[in-house]
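**Student:** Quick one, structure for this:
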Amino acid sequence: MLATIWTVATIAMPLITLAVCVRVLLRPHRDPASRIAWLVVVGVLPVIGVVAYLLLGEVRTGRAQRRLRREEQTLTPWPSDVEALLPDRHRNLFRLGQSVNGFLPVGGNSARLLADSNAAVDAIVADIDAAERQVHVDFYIWLPDTNGLKVAAALGRAAKRGVTCRALADDLGSRALVRSEHWGVMKAAGVDLHNALPIGNPLLQIWTGRIDVRNHRKIVVIDGKVTYCGSQNCADPEFLPKAKFGPWVDAMVRFEGPIVRQNQALFAADWALTTGQHLEDLEPAEPMADGTAMPAIAIGTGPTVRYSAMSEMFESLFFAARRELVVTTPYYVPDEGLQSALCATAYRGVDTTLILPERNDSWIVAAASHSYYADLLRAGVKIHEYVGGLLHTKSITLDGEITLIGSANLDRRSFELNFENNILIYDAELTATIRQRQEQYLAHSKPITAEAVAAWPMQRRLWNNAIATLGPLL
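**Tutor:** Purely as a prediction, here's the structure:
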């Protein structure tokens, strides 16, 4: 019997390996480096490589995701009032944003950058407590800690007084809350709760898609009047699951105006994907008095929209910079195009600054990021590493006029796997405020010099480069 099984396995494994290799070559939307990396892994380690590819090699979308993709809005010409919102030099950035979800740039907005993570949660709680009709919450990480339970309690209070409260929490990132008593308490209070992208049986993910495709969004919408966007998860800055890297340093912006409607639409898409329900009771966003104020557009990326839309947005912002570009991100694992775009920005004479955390909660990301330092420094990019916590803010400012803020990192996960939400804004005042926050990060950072990187021992460089070669697989 064992001999028969061994014989069948000996014959079948090469055929399975060949079939997977053909699949790697035929799979759309995969860059050559990724194809080569997977072919090497599958060919050198047939059993492990085949299983790894089935689990991690493809982003498969279920019927619900395919339905959402079919319902994407098509690109339409801008009305004259929208055209007038933006100067010629920035219109293409917003046209690119429009091509992702079909949203048009909207004016008549206002925004306020919150002081820190605790202030952001306090503001969210205050807005929920003031809600009259509807609260929508969507978080990747929602912990049963002080801040997480503050939001949970506020939702419970709102639901008890008759406010429609809907909340999504990623099944992996928020597993501690989803599996706690507090989840049941919120449900009992009347909050409509769902865990997004449920993990279920990991073995079945071979057929349904990658287990690590996650809803990484951070969205709060209240009464169609207020929305929040930024890097802030629903948790304490001390972030106890990874306390040794804390505090988490985030930036969250509170918006009012028509941009609220677009964030609401992204929440509704997540809700439909998770529950199959299409929300018909969405509150309309209310414009501010000045319809030309703060033009903005929401950009929601993930497996249901165009492949690599987020990396296209980042690269376009880099190429649009004329004087200054400042980027903050906790995770820098770029594809070739993004790395080249950032280097080219510095080579063009743009004052280019990249701020990363000194200590990263992912040793894989840390090593991969370091492998890119030498080329960036050679091009003239100024690299600073934030000291005293994990800089988690994902922000881009350029030329004192444009800001991009949200949930997306400069890594392949945000480009190709996760559901992300960002808002692109043309406004000198808000950009100056975000730029001042970036200066605060720089004041708590140390510069990385080309000499220091060149002095790294060979074994460290070998390690960094070896880890970076795995980037296309992740």
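**Student:** Could I get the average pLDDT for the host helix or strand of residue 220?
**Tutor:** If you go by DSSP states H and E, residue 220 is part of strand 218-222. Across strand 218-222, pLDDT averages out at 98.
**Student:** Please apply the same query to stretch 395-402.
**Tutor:** Across stretch 395-402, the per-residue pLDDT values average to 98.
**Student:** try stretch 228-243
**Tutor:** Summarised as a single mean, pLDDT over stretch 228-243 is 95.
**Student:** For that stretch, measure first residue to last.
**Tutor:** This stretch, stretch 228-243, spans 25 Å end to end (C-alpha to C-alpha, to the nearest Å).
**Student:** quick revisit: run through who's touching the strand holding residue 220.
**Tutor:** If you take C-beta atoms under 8 Å, 6 or more residues apart in numbering as the criterion, strand 218-222 is touched by 124, 127-128, 130-131, 134-140, 226-234, 252, 260, 263-264, 266-267, 270, 406-407, 421. C-beta: built from backbone N, CA, C; applies to glycine.
**Student:** same thing with stretch 356-366?
**Tutor:** Stretch 356-366 has contacts (C-beta under 8 Å, 6+ apart) with 242, 245, 328-333, 369, 383-387, 389-392, 411, 445-446, 467, 470, 474.
**Student:** So which of those sit within helices?
**Tutor:** With helices taken from DSSP state H, the overlap with these comprises 369, 467.
**Student:** so where's this structure shaky on pLDDT?
**Tutor:** By pLDDT under 70, the low-scoring segments of the chain are 1-13, 20-21, 24, 26-34, 36-40, 42-75, 201-210, 283-289, 471-474.
**Student:** Assign a three-state SS to the residue nearest the centre of the chain, would you?
**Tutor:** With the centre of the chain defined as its mean C-alpha position, the nearest residue by C-alpha atoms, centre = their mean is residue 408, 2.6 Å away. Here residue 408 is coil, with the state taken from DSSP: H, G, I helix; E, B strand; the rest coil.
**Student:** Now it: phi and psi?
**Tutor:** Dihedral pair for residue 408: phi -80, psi 130, per degrees, to the nearest 10.
**Student:** show me the residues around residue 442 that make contact.
**Tutor:** Contacts of residue 442 (C-beta under 8 Å, 6+ apart): 353, 355, 384.
**Student:** Just the ones of these in strands?
**Tutor:** 353, 355, 384 (DSSP state E).
**Student:** can you count the residues close to the nearest residue to the second one once chain neighbours are set aside?
**Tutor:** Once flanking residues are discounted, residue 355 sits nearest to residue 328: 4.5 Å by C-beta to C-beta, 6 or more residues apart in numbering. By the criterion of other C-beta atoms under 10 Å, residue 328 has 29 neighbours.
**Student:** Enumerate the beta-bridge partners assigned to residue 328.
**Tutor:** Beta-bridge pairing of residue 328 under DSSP bridges involves residue 355, residue 395.
**Student:** Distance of it relative to residue 440?
**Tutor:** 11 Å (C-beta to C-beta, to the nearest Å).
**Student:** right, and residue 90 touches residue 320 too?
**Tutor:** Yes - under the criterion of C-beta atoms under 8 Å, residue 90 makes contact with residue 320 at 7.1 Å.
**Student:** what residues do those two have in common as contacts?
**Tutor:** Shared contacts of residue 90 and residue 320, defined by C-beta under 8 Å, 6+ apart, are found at residue 402.
**Student:** Show the residue spans covered by the helices in the stretch 101-250 of the chain.
**Tutor:** 117-130, 146-160, 175-178, 181-189, 205-208 (DSSP state H, counting those that start in this stretch).
**Student:** so can I have JSON lines of these showing distance to residue 15 and mean neighbour count?
**Tutor:** Listed next are the helices of the stretch 101-250 of the chain as JSON lines, based on distance: least, C-beta to C-beta, whole Å; neighbours: other C-beta atoms under 10 Å:
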{"stretch": "helix 117-130", "distance to residue 15": "53", "mean neighbour count": "19"}
{"stretch": "helix 146-160", "distance to residue 15": "50", "mean neighbour count": "20"}
{"stretch": "helix 175-178", "distance to residue 15": "38", "mean neighbour count": "20"}
{"stretch": "helix 181-189", "distance to residue 15": "46", "mean neighbour count": "15"}
{"stretch": "helix 205-208", "distance to residue 15": "18", "mean neighbour count": "13"}
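**Student:** Quick one: these as JSON lines, columns for distance to residue 451 too.
**Tutor:** JSON lines is the format used below for the helices of the stretch 101-250 of the chain (distance: least, C-beta to C-beta, whole Å):
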{"stretch": "helix 117-130", "distance to residue 451": "35"}
{"stretch": "helix 146-160", "distance to residue 451": "42"}
{"stretch": "helix 175-178", "distance to residue 451": "44"}
{"stretch": "helix 181-189", "distance to residue 451": "51"}
{"stretch": "helix 205-208", "distance to residue 451": "46"}
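**Student:** Looking at these, spot the one closest to residue 16.
**Tutor:** helix 205-208 (12.8 Å; C-beta to C-beta).
**Student:** returning to what we had before: now, the contacts of strand 218-222 that are in strands?
**Tutor:** Per DSSP E, these map to strands at 134-139, 226-230, 252, 406, 421.
**Student:** hang on, the earlier thing: what is in contact with residue 328 and residue 440 at once?
**Tutor:** Here residue 328 and residue 440 have no joint contacts, going by C-beta under 8 Å, 6+ apart.
**Student:** still on that earlier bit, identify, from the ones in strands among the contacts of strand 218-222, the entry nearest to residue 106.
**Tutor:** Minimum distance to residue 106 across the ones in strands among the contacts of strand 218-222 is 12.2 Å, recorded for residue 227 (C-beta to C-beta).
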